[in-house]
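Peer 1: give the three-dimensional model of this entry:
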Amino acid sequence: MDYAHQLHNYRPTPYMAPCSVYKERFADGAVAFINMLKHTKAPWQGMPFELLDWQEQLVRDIFGIVKKKDELRQFKSVYLELPKKNGKSELAAAVALLLLCADNEYGGEVYGCAVDRQQAGIVFDVALHMIDQCGPLKKRITFSAAKKQIMFKPLRSVYQAVSADFGNKDGFNAHGIIFDELHAQKSSDLYDVMTSSSGLSRQQQLLFVITTAGLDRESICWKQHCLAEEIIHKKRPPIPSFYPVIYGIDENEDWHDEAVWRRVNPSYGISVIEDNFRLEYEKALIDPVAENTFRRLNLNEWVSPYSRWMPMDIYDKCGAPFDPKMLAGRDCYGGLDLSFTNDMSAFVLAFPPTTADEPFYILPFYWIPGDGLAERIHKDHVRYDEWKAKGYLEITEGRVIDYSFIRIKIMQLSETYRIKEIAFDRYGARLMAEQLENARLKATDFGQGFIGMSGATKEFHRLVLQERIAHGGNPILRWNFDNMVVKIDEAGNIKPDKKQATAKIDGAVAAIMAVEFANRPKKRSAYADRGIIVYGEDCGLTYL
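Peer 2: This next block holds a predicted model:
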């Protein structure tokens with residue numbers, strides 16, 4: 001393979017203990033076994049797995065450094081953290097097969113662990129594909145794809161894929177544990193069970209953790225990251241049995257610098273394709289959420305799960321004034337966000353385009369209780385009274401909003417515009433929805449979790465970037481969007497987060513829901529009680 005070359009200048013890791021020694025024959029054996037395997041992914045599928053320098057250094061250190069007294073491996077635990085697309089799954093599968101077939105552990109138990117069965121199956125499937133391409137292994141292996149289990153007959157050793165939902169994990173006696181994407185674990189339960197399963201009878205058990213950076217700084221992965229980082233930066237003495245490797249951007253480094261990209265991606269230009277990497281970077285330049293994801297997955301940076309969302313300079317380009325009267329009689333869809341009765345509530349109408357070059361017009365309406373208004377102006381640092389004077393906000397009498405004011409306003413709007421459907425946040429709006437239904441206005445529950453909001457929020461952002469939203473420069477709506485922060489999960493899904501927002505975002509949430517309904521094909525079924533939307537049969541499946 002044109003990218004591979006022998007590691008001639010190998011030097012043992014600085015974490016080698018004084019009582020240990022490097023045995024070349026052990027390291028050579030491990031490297032030779034992996035080189036016997038073949039890649040499973042294009043464009044290298046079927047080619048020999050010739051280790052890259054960084055991979056060979058890792059393998060030689062782990063399997064070649066042994067204690068002088070008994071020649072047992074020094075390292076019992078490996079923490080490898082690196083960005084995506086650097087060959088993580090292939091390396092993990094190769095190490096799993098090495099422990100299963102070439103470590104001379106009769107009755108060995110090797111476990112591939114992940115957050116769920118699907119993730120655990122990734123490394124398992126790669127390992128199975130490697131076996132299928134290797135004649136000497138293939139004739140000595142039996143497997144069950146359904147059980148995610150492989151047995152190496154000469155040693156009666158077993159590889160088993162397990163996840164947090166695997167069931168009873170008692171009685172494990174692990175010789176090897178491959179822990180994939182530790183950052184995705186919601187708790188430390190699986191990690192604790194598996195790491196305590198290495199029995200006293202196993203002399204060379206190995207925990208091999210391989211992960212990208214995560215979001216949760218309370219997680220077991222963050223704890224392992226901090227331990228690894230302290231050792232790497234010599235803030236604490238090495239732990240003889242622990243081998244830490246982190247390929248990631250430092251706090252003082254510029255994430256725009258291509259030299260940094262190359263340093264933190266050890267397979268840059270090989271499995272990390274430069275053109276594709278630049279495309280991800282270009283997305284990150286215009287989208288704060290994409291920046292967050294790029295820095296975590298492509299530069300291996302532990303970022304916050306929250307991100308400012310709307311590029312307000314582009315949002316402002318969508319603010320050309322228009323006369324709402326021009327929309328009279330047109331089809332539209334509503335988004336209703338009722339906050340606490342003593343706070344701001346919002347209703348937004350979204351009008352789908354009638355021509356190819358027309359934007360989505362949106363009309364927002366706001367209500368806030370009048371009592372305590374002076375205190376609220378001081379607390380929120382906004383001039384609600386000025387917004388009222390300019391007709392952007394309705395201030396109702398009393399300390400709480402009488403929702404009948406909102407219902408009456410919606411009914412009045414329905415006489416001017418053809419409101420086809422109203423999306424509402426189920427929290428606090430169920431009674432209002434029933435009243436609207438009784439008035440022959442269709443109201444549909446819109447889930448506010450990741451499933452319900454991610455696609456809609458991303459689509460609204462896309463429409464803003466394309467300048468296909470026309471909001472007329474409403475100052476309250478702009479304030480809402482400028483305040484908005486989104487929460488990001490491990491899968492890259494997003495949703496608005498009112499708790500983390502700098503101030504009110506009610507109108508922004510209502511606008512996202514309204515535009516989502518206005519932008520959907522006519523053929524769709526709504527399972528409102530589950531917050532799941534399924535498009536019609538000719539449109540394919542949208543959310544699951």
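
Peer 1: pretty sure residue 50 sits against residue 36.
Peer 2: No: using C-beta atoms under 8 Å, residue 50 makes no contact with residue 36, being 10.4 Å away. Glycine gets a C-beta too; all of them are placed from N, C-alpha and C.

Peer 1: could you pull out the strands for the stretch 51-200 of the chain?
Peer 2: Secondary structure of the stretch 51-200 of the chain (DSSP state E, counting those that start in this stretch): strands at 65-67, 77-81, 109-114, 141-144, 149-152, 157-163, 176-180.

Peer 1: from residue 208, how far out is residue 177?
Peer 2: When distance is defined by C-beta to C-beta, to the nearest Å, residue 177 is 7 Å away from residue 208.

Peer 1: and the helix or strand residue 222 falls within, average pLDDT?
Peer 2: Under the criterion of DSSP states H and E, residue 222 resides in helix 220-232. Mean pLDDT, helix 220-232: 96.

Peer 1: mind listing what's buried in stretch 114-129?
Peer 2: Within stretch 114-129, the residues scored as buried using 16 or more other C-beta atoms under 10 Å are 114-115, 119-129.

Peer 1: what's the farthest-apart pair in those?
Peer 2: The most widely separated members of those, counting by C-beta to C-beta, are 115 and 129 (21.8 Å).

Peer 1: show me what contacts residue 274?
Peer 2: Neighbour list for residue 274: residue 268 [criterion: C-beta atoms under 8 Å, 6 or more residues apart in numbering].

Peer 1: that one and residue 266: what is the separation?
Peer 2: As judged by C-beta to C-beta, residue 274 and residue 266 stand 14 Å apart.

Peer 1: likewise residue 215?
Peer 2: In this view, residue 215 and residue 266 are 23 Å apart by C-beta to C-beta.

Peer 1: got it, and residue 247?
Peer 2: Applying C-beta to C-beta, the value for residue 247 to residue 266 is 6 Å.

Peer 1: in terms of neighbours, single out the busier of those two.
Peer 2: Between residue 247 and residue 266, residue 266 has the larger neighbour count (other C-beta atoms under 10 Å), namely 21 against 18.

Peer 1: find the nearest non-adjacent residue to that one, please.
Peer 2: Of all residues not flanking residue 266 in the chain, residue 54 sits nearest, at 4.1 Å (C-beta to C-beta, 6 or more residues apart in numbering).

Peer 1: for residue 192, same thing?
Peer 2: For residue 192, ignoring the flanking residues on the chain, the nearest one in space by C-beta to C-beta, 6+ apart is residue 220 at 7.9 Å.

Peer 1: pLDDT score assigned to residue 536?
Peer 2: So residue 536 comes in at 31 (pLDDT).

Peer 1: meant to ask about residue 125
Peer 2: Reported pLDDT for residue 125: 96.

Peer 1: return the distance of it relative to residue 53.
Peer 2: Distance of residue 125 to residue 53, given as C-beta to C-beta: 27 Å.

Peer 1: in what helix or strand does residue 16 lie?
Peer 2: Per DSSP H and E, there is no helix or strand for residue 16.

Peer 1: thought it was touching residue 68?
Peer 2: No: Residue 16 is beyond contact range of residue 68, at 11.0 Å (criterion: C-beta under 8 Å).

Peer 1: more crowded one of these two?
Peer 2: Comparing residue 16 with residue 68 by other C-beta under 10 Å, the one with more neighbours is residue 16, at 20 against 12.

Peer 1: what's the nearest residue to the more buried one if we skip its chain neighbours?
Peer 2: residue 65 is the one closest to residue 16 (C-beta to C-beta, 6+ apart), at 5.2 Å.

Peer 1: who does the host helix or strand of residue 367 pair up with?
Peer 2: Remark: residue 367 resides in strand 360-369, with elements defined by DSSP H and E. Note on strand 360-369: by DSSP bridges, its sheet partners are strand 345-351 (antiparallel), strand 394-396 (parallel), strand 469-470 (parallel).

Peer 1: quick one: closest of those to residue 427.
Peer 2: Closest to residue 427 of the strands paired with strand 360-369 is strand 345-351 (C-beta to C-beta; 12.2 Å).

Peer 1: how far is that closest one from where the chain is centred?
Peer 2: Centroid separation between strand 345-351 and its chain, computed with C-alpha atoms, centre = their mean, to the nearest Å, is 30 Å.

Peer 1: so the residue nearest to residue 16 sits against residue 76, correct?
Peer 2: No: the pair residue 65 and residue 76 does not pass the contact test of C-beta under 8 Å, sitting 11.7 Å apart.

Peer 1: which one of the two has more residues nearby?
Peer 2: Taking neighbours as other C-beta under 10 Å, residue 65 and residue 76 compare with residue 65 leading, 22 against 19.

Peer 1: how much space separates the more buried one from residue 472?
Peer 2: Using C-beta to C-beta, one gets 68 Å for the distance from residue 65 to residue 472.

Peer 1: and if you look at residue 343?
Peer 2: Computed as C-beta to C-beta, the residue 343 to residue 472 distance reads 24 Å.

Peer 1: what's the answer for residue 22, then?
Peer 2: From residue 22 across to residue 472, the span is 71 Å (C-beta to C-beta).

Peer 1: now do residue 43
Peer 2: Separation of residue 43 from residue 472 (C-beta to C-beta): 51 Å.

Peer 1: same question for residue 264.
Peer 2: Counting by C-beta to C-beta, the gap from residue 264 to residue 472 is 44 Å.

Peer 1: cool, and residue 448?
Peer 2: Applying C-beta to C-beta to residue 448 and residue 472 gives a distance of 26 Å.

Peer 1: just to revisit the earlier point, need the residues touching each of residue 247 and residue 266.
Peer 2: Here residue 247 and residue 266 share the contacting residues 54, 82, 86, scored by C-beta under 8 Å, 6+ apart.

Peer 1: returning to what we had before: bridging residues for the residue nearest to residue 16?
Peer 2: Beta-bridge partners recorded for residue 65 (DSSP bridges): residue 22.

Peer 1: hmm, residue 474 is touching residue 349, no?
Peer 2: No: counting by C-beta under 8 Å, residue 474 stays clear of residue 349, with 11.9 Å between them.

Peer 1: who's more crowded, those two?
Peer 2: Neighbour totals were compared for residue 474 and residue 349, and residue 349 leads with 27 against 21 (other C-beta under 10 Å).

Peer 1: just list whatever residues bridge to the more buried one.
Peer 2: Note on residue 349: beta-bridge partners by DSSP bridges are residue 334, residue 363.

Peer 1: what sits against it?
Peer 2: 332-334, 362-363, 365, 413, 417, 419, 514.
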